[in-house]
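Participant: using only what follows, build the 3D model:
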Amino acid sequence: MAALWRQVSIALATFAAVSNASAASGAPVPEKPKLHLAAAGVGFPYLPFVIADSRGYFKQAGLDVEIGVFSGGAKALQAMMGGSADIVAGAYSNTITMAAKGQKLVSFVTLASCPGWVFGATRASHAKVKTYADLKGMRIGVSSPGSSFHMGVNYLLSKSGVKPSDVSIIGVGSSAGAIAAARSGQIDALMSNDPVATVLQDSGDLFPLAVMRDPAGTRATLGGDYPEAAIYTSKDFLVKYPNTVQAVTNAILEAERWMAHATPEQVAAAVPPQYALAEKDVFARAYANMQSCISRDGLMTDAAAHTVHDVLTAFDPEIGKASIDLKATYDNHFVENADKR
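Facilitator: Numbers count the residues shown, from 1 in each chain. Here you go, the predicted structure:
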């Protein structure tokens, strides 16, 4: 009986702590305070969730978030579809590709309004690679096959008439594995983001063919704004746990607002060592290279969603043929509600 009362007391204390945190912020109590977040990586487009965790914004919103970092968006998506994760910090494009398969996924807060991608030749092959067409027959590293990095590669190659079957795609992750693969000569080219891209450029191991570290570079390369990173979940989860989704949104927006005014050095200092991927000075310099990609308001625009759809369609005709309601792949009202608090 005493053990039972201890369990009841612990449960009540936990509930009270969550309730007090939510009450203090004026937000409803999350229906599911303990969450599992699957992250496609810890590249800079995903930094808002890292900051939300390290600076305590998730806890302030009444959430206990367990983060699992995967080697690419495809694997993070698999984790959620398999039931081991509730939400994903990954590519918005996954909501569209899954919609083409009849799966209803919804992005509810944008992390990055441009991809921050750097696509280039590695030291082993840069003398032979001057254009996308030169990559025919070569090995190209991406975070994981089927990821947004992979889709971006296919789109860029298609502009030069190179088909997906003309190259070998190799999954190398998006952090230390990508750096090792580029330096060891395992790949001829790499699609990466920061800080990996800055680390490799600084050491002379990556020679860019395309740089999408800011809105202007993204529009020039992809034809419009391209929201690479977002927090998304299933439509069922969104409907069942709206207060929880609102709490996640509130925490992410707090992180984005803080990042908008923080210096690169302050951001670097706020990132835990397991997520840093580089020394603090290198990290700060890399972040300065692409910080304009980080969303400041968490919103998705209809035009940006169409750009992502157009990029996907360029190399996957099935997506173009599918009947997809793009407005159903994102929901801005949680961001809009956060602004009313």
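
Participant: could you list the low-pLDDT ranges of the protein?
Facilitator: The model of the chain has pLDDT under 70 over residues 1-26, 339-341.

Participant: okay, now residue 90: neighbour count?
Facilitator: 33 (other C-beta atoms under 10 Å). All C-beta spots, glycine's among them, are computed from the backbone N, C-alpha and C.

Participant: which helix or strand contains it?
Facilitator: Residue 90 belongs to strand 87-91 when assigned by DSSP states H and E.

Participant: could you do residue 217 as well?
Facilitator: Judged by DSSP H and E, residue 217 forms part of helix 215-222.

Participant: so which bits of stretch 55-73 are buried?
Facilitator: Neighbour counts over stretch 55-73 (16 or more other C-beta atoms under 10 Å) mark 55, 57-63, 65, 67, 69-73 as buried.

Participant: tell me which of those residues fall in strands.
Facilitator: 65, 67, 69 (DSSP state E).

Participant: list the contacts of the last one.
Facilitator: What that stands for is residue 69. 39, 41-42, 275 (C-beta atoms under 8 Å, 6 or more residues apart in numbering).

Participant: now, which of those residues lie within helices?
Facilitator: Judged by DSSP state H, those include residue 275 as members of helices.

Participant: give me the buried subset of the contacts of residue 69.
Facilitator: 39, 41-42, 275.

Participant: could you pull out the strands in the stretch 51-200 of the chain for me?
Facilitator: 64-69, 87-91, 105-112, 117-122, 139-142, 168-171, 189-192 (DSSP state E, counting those that start in this stretch).

Participant: for residue 78, find the nearest of the ones you listed.
Facilitator: Comparison of the strands of the stretch 51-200 of the chain against residue 78 by C-beta to C-beta identifies strand 87-91 as nearest, at 9.8 Å.

Participant: contacting residues around residue 124?
Facilitator: 185, 187-188.

Participant: tell me the one of the residues you listed nearest residue 78?
Facilitator: Using C-beta to C-beta, the contacts of residue 124 come closest to residue 78 at residue 187, 23.2 Å.

Participant: let's have the buried ones among the contacts of residue 69 in CSV, adding distance to residue 181.
Facilitator: Conversion of the buried ones among the contacts of residue 69 to CSV gives the following (distance: C-beta to C-beta, whole Å):
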residue, distance to residue 181
39, 20
41, 14
42, 17
275, 20
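
Participant: quick one: which of the residues you listed is nearest residue 139?
Facilitator: residue 41 (20.3 Å).

Participant: so the closest one sits right up against residue 68, yeah?
Facilitator: No: in this structure, residue 41 is not within contact of residue 68 by C-beta atoms under 8 Å, at 11.4 Å.
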